[in-house]
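Undergrad: Structure of the sequence below:
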Amino acid sequence: ICKRCTRTKMKYFVLLAVVVTVAAAVPVDVVEDEEGQQYYLVPVSREKRGTQWGLSGTGATVGHSGTIANSGGHRLDGGAYAGKNFGSHGARPDQVGGRLDYSHGSRTSAFASADHARHYGTDVNAGVRHNVYQNKNFGVDVTGQYGRHYGGPSGTGRASSGVGVVGHGTF
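TA: Here you go, the predicted model:
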């Protein structure tokens with residue numbers, strides 16, 4: 001038996017051991033009805049997710065978005081998309097991208113995104129907002145953002161960034 005075959009078998013054995021360990025460690029709730037029939041309670045997590053399909057005269061797009069995590073006031077949403085132009089060659093998508101959005105209550109939020117178009121480069125952006133003061137009619141936020149273009153015909157561009165204080169009110 002060759003060493004490579006032994007290593008491959010060992011990897012599968014370790015993977016199987018991990019799966020069995022996790023399966024055995026998951027708590028299972030069992031309830032019993034009046035007739036003595038037992039039922040396993042399976043936790044169900046309902047998060048909003050959505051897949052979008054689009055078709056136009058120039059191409060097709062598909063995207064998926066949803067809530068990745070939501071507990072203790074922390075929420076992480078994410079999404080990704082891919083697009084293919086009908087006139088382009090090959091099976092690879094012409095545009096791909098994704099975005100992550102984080103929020104903690106109504107006071108703090110952040111995002112990060114990347115969008116790539118074949119032959120035109122990649123745009124990367126990130127930002128954050130924190131509410132430092134809020135009352136019934138007035139609020140003040142501190143914001144920061146960063147963006148940069150990489151690659152493409154014009155090459156990598158200069159980074160654009162900024163920090164600001166934003167006031168908003170209801171009159």
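Undergrad: Which parts of this protein are helices?
TA: All helices of the chain, identified by DSSP state H, fall at 3-25.
Undergrad: Roughly how far does the residue nearest the centre of it sit from residue 84?
TA: Taking Cα atoms, centre = their mean, the centroid of the chain lies closest to residue 78, which sits 2.5 Å from it. Per Cβ to Cβ, to the nearest Å, residue 78 is found 22 Å from residue 84. Any C-beta I mention is one placed from the backbone N, CA and C, and that applies to glycine too.
Undergrad: got it, and residue 74?
TA: Taking Cβ to Cβ as the measure, residue 74 falls 35 Å from residue 84.
Undergrad: ok, those two, which is more surrounded?
TA: Taking neighbours as other Cβ atoms under 10 Å, residue 74 and residue 84 compare with residue 84 leading, 19 against 12.
Undergrad: Now do the contacts for that one.
TA: 59-61, 93-94 (Cβ atoms under 8 Å, 6 or more residues apart in numbering).
Undergrad: if you set the cut-off to 6 Å instead, what comes out?
TA: Neighbouring residues of residue 84 by Cβ atoms under 6 Å, 6 or more residues apart in numbering: 59-60, 93-94.
Undergrad: Same question for residue 163.
TA: Going by Cβ under 6 Å, 6+ apart, residue 163 touches residue 144.
Undergrad: beta partners for it?
TA: Beta-bridge pairing for residue 163 (DSSP bridges): residue 144.
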